[in-house]
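S.K.: model the following, please.
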Amino acid sequence: MLPAGPQSRAVYDAVIPAAEKGALLIDCSTIDVDSARAIATKASAAGFEMVDAPVSGGTVGAANATLTFMVGGSEAAFGRAQPILSKMGKTIVHAGGPGNGQAAKICNNMILGISMIAVAEGFSLAAKLGLDAQKLFDISSKSSGQCWSMTSYCPVPGPVPASPANRDYKPGFTADMMLKDLKLAQAAAQTTGQATPLGAAAESLYALMAAKGDGPLDFSGIIKMLQGR
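M.R.: Numbers count the residues shown, from 1 in each chain. Next comes the predicted model:
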């Protein structure tokens with residue numbers, strides 16, 4: 001897993017000429033779709049099968065081998081990669097051709113970033129109104145407000161014992177990493193001409209969080225900024 005497109009391109013520029021014949025190349029980085037497709041094209045031209053296979057599930061999923069892999073590549077390459085990835089993940093999904101794993105990842109994380117802000121705003125407002133966080137969780141987790149950001153990663157201490165909120169927002173998945181993925185989503189939205197106003201707003205809020213020095217915190221820690229802490 002590498003930080004961004006330029007690093008992945010540089011690494012595979014070295015790997016492709018040196019790899020053994022018949023090797024399967026798997027890149028689990030979260031990078032821009034164009035870089036993933038450019039690397040796959042070079043690999044294919046050199047006779048290699050390759051998949052882009054970004055992950056979701058964070059450090060807990062990695063420790064428990066329950067990660068989700070979103071895989072882009074040919075059917076043949078996916079067939080070779082699946083038994084390898086299944087050693088680390090519980091859900092392995094073939095998202096389509098080269099780069100589609102990256103497309104799935106940035107769309108998923110845009111949804112996640114937006115929904116976490118919504119949950120944080122809801123719990124912050126509840127506190128101001130004198131509504132106990134556990135009571136709101138008990139209601140919303142079984143009602144129309146239910147989402148993963150609430151039920152698995154609740155941004156207030158208490159309702160979900162495994163959430164980073166109970167560890168002073170020790171990551172998990174840092175706000176800096178969320179900002180990186182939201183930037184990738186916005187770049188893709190601009191390239192395709194797709195309007196994503198909530199995605200743009202989420203990027204701006206996480207950029208503000210990072211500018212305040214809280215980028216290393218878990219992304220659920222954005223509730224601290226919303227509450228003025």
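
S.K.: residues of the host helix or strand of F78 that come out buried?
M.R.: In the assignment (DSSP states H and E), F78 maps to helix 75-85. Residues of helix 75-85 classed as buried: 77-78, 81-82, 85 (neighbour count, 16 or more other C-beta atoms under 10 Å). C-betas here are computed from N, CA, C, even on glycine.

S.K.: can I get those in CSV including distance to D138?
M.R.: Output for these, formatted as CSV (distance: C-beta to C-beta, whole Å):
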residue, distance to D138
A77, 45
F78, 41
A81, 41
Q82, 39
L85, 36
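
S.K.: picking that back up, now could you export just the CA positions of the helix holding F78 as PDB?
M.R.: Extracted C-alpha coordinates of helix 75-85, given in PDB (Å, rounded to 0.1, in the frame of the first residue of the first chain):
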ATOM      1  CA  GLU A  75     -11.800 -11.800 -14.600                       C
ATOM      2  CA  ALA A  76      -8.600 -13.900 -14.900                       C
ATOM      3  CA  ALA A  77      -6.600 -11.600 -12.700                       C
ATOM      4  CA  PHE A  78      -9.400 -11.400 -10.100                       C
ATOM      5  CA  GLY A  79      -9.600 -15.200 -10.000                       C
ATOM      6  CA  ARG A  80      -5.900 -15.400  -9.200                       C
ATOM      7  CA  ALA A  81      -6.100 -12.600  -6.600                       C
ATOM      8  CA  GLN A  82      -9.200 -13.700  -4.800                       C
ATOM      9  CA  PRO A  83      -7.700 -16.600  -2.700                       C
ATOM     10  CA  ILE A  84      -4.700 -14.400  -1.700                       C
ATOM     11  CA  LEU A  85      -7.000 -11.500  -0.600                       C
END
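
S.K.: tell me how far it lies from the chain's centre.
M.R.: 21 Å (C-alpha atoms, centre = their mean, to the nearest Å).
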